[in-house]
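>>> Give me coordinates for this.
(one chain, ligands or ions: 2)
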Amino acid sequence: MIKHFLTLLDYSEKEIRHLLDLAIKLKSGYVEEYLEGKTLAMLFEKPSTRTRVSFEVAMTQLKGHAIYLDFTTTQLSRGETIEDMAKVLSRYCNAIMARLYTHETLERLANASSVPVINGLTDRFHPCQTLGDLLTVMEKKGRTEDLKIVFMGDCGYNMFHSTMIGFSKLWANIVGCCPGKRDYMPDPQIYEKAKKYAKGSIRIEHDPEKAVKDADVIYTDTWVSMGQKNAEQRITDLKPYQVNKELLRHAKPEAIVMHCLPAHRGQEITSDVMDSGRSVIFDQAENRLHAQKAILLHLLKNTH
Ligand code: CP
Ligand code: NVA
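Ligands and ions are numbered 1, 2, ... in the order given. Prediction:
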């Protein structure tokens with residue numbers, strides 16, 4: 001069976017810790033193995049800055065090569081199936097990283113592929129981001145165990161799902177803070193699965209001040225994700241969940257602020273908080289690189 005990286009639901013605590021240990025080593029400059037002669041296909045159906053650049057740099061630094069494929073300029077745009085694309089890319093490339101609108105399409109790609117597939121973000125999950133975020137929290141707090149991680153805003157999409165899964169597997173306690181409307185609540189199936197595997201607790205809270213009380217980490221994401229409709233309504237509904245100075249007064253004084261980026265300054269987070277000493281947001285962006293090098297080596301060199 002081919003090992004993919006589609007969601008952290010498929011990875012045990014031990015495997016996640018292994019990837020983090022490897023990422024820490026790689027970040028310190030220690031490289032045991034390279035990916036000489038290996039090629040990563042990077043397929044994008046949605047825009048990207050960090051994912052595209054960090055994966056391409058990761059392959060360059062590991063002495064491999066990456067090919068950027070924009071969905072619209074491939075034959076997928078003229079009706080070639082995702083399965084045929086997977087079979088063809090598998091004949092040329094050693095791994096495929098894909099950013100797709102639906103997670104179902106990613107699963108179809110992975111099922112038809114004979115090389116490892118990495119999720120570069122779907123509607124449901126963004127596991128590469130969460131691995132980089134776990135690395136960031138380990139660096140800043142020295143652990144994930146017993147930390148209170150509060151995710152503010154849209155708990156019904158990729159970033160909350162992956163944060164909830166990854167951090168709770170590593171013994172952190174997760175609070176999702178969102179309006180009670182179905183749109184902003186976690187996908188029930190993913191929520192139940194996350195709870196089943198969680199070592200820490202997971203709960204939903206609707207009151208921002210209560211939620212951030214004693215928080216160690218406050219995380220937020222855009223209110224209008226790629227592929228989501230009704231932008232105006234979403235911005236109105238999520239307004240009370242903004243991460244700002246006033247809200248931070250209710251968290252621990254040493255609480256850190258996280259955001260996967262891209263940010264909409266003045267919406268989900270204020271500029272003063274984003275640029276303050278409590279923000280670790282640009283460390284998160286950097287850590288994507290180190291985390292993804294670990295993923296690539298793990299999948300292509302079977303590190304364990
Ligand atoms: N955080 C993240 O995945 O950023 P991009 O959309 O720029 O890739
Ligand atoms: N939730 C955001 C994450 C971007 C990295 C989106 O899907 O657009």
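>>> Quickly check: stretch 283-292 near ligand 1 or not.
No. Against ligand 1, stretch 283-292 shows no contacts by Cβ under 6 Å from any ligand atom, the least distance being 7.0 Å. Where C-beta positions appear, they are placed from N, C-alpha and C, glycine not excepted.
>>> ok, and what's touching that stretch?
Contacting residues not belonging to stretch 283-292 are listed as 19-20, 23-24, 26-27, 50-51, 54-55, 57-58, 61, 118, 128-129, 131-136, 139-140, 258-261 [Cβ atoms under 8 Å, 6 or more residues apart in numbering].
>>> buried subset of the residues you listed?
The neighbour count (16 or more other Cβ atoms under 10 Å) marks 19-20, 23-24, 26-27, 50-51, 54-55, 58, 118, 128-129, 131-136, 258-261 as buried among the contacts of stretch 283-292.
>>> Filter the residues you listed down to just the ones in helices.
Among these, the members falling in helices (DSSP state H) are 19-20, 23-24, 26-27, 50-51, 54-55, 58, 128-129, 131-136.
>>> Would you check how far apart Arg108 and ligand 1 are?
22 Å (Cβ to the nearest ligand atom, to the nearest Å).
>>> what's the nearest residue to that residue if we skip its chain neighbours?
Nearest non-adjacent residue to Arg108, counting by Cβ to Cβ, 6 or more residues apart in numbering: Ile82, 5.1 Å away.
>>> Ligand 2 versus the one you found, what's the distance?
Taken as Cβ to the nearest ligand atom, the span from Ile82 to ligand 2 is 19 Å.
>>> now do Ala98
In terms of Cβ to the nearest ligand atom, Ala98 sits 14 Å off from ligand 2.
>>> what's the burial count for Leu76?
Burial of Leu76 is recorded as 18 neighbouring residues (other Cβ atoms under 10 Å).
>>> residues in the protein within reach of ligand 1, list them.
Contacts of the chain with ligand 1, taken as Cβ under 6 Å from any ligand atom, map to 48-51, 121, 129, 260-262.
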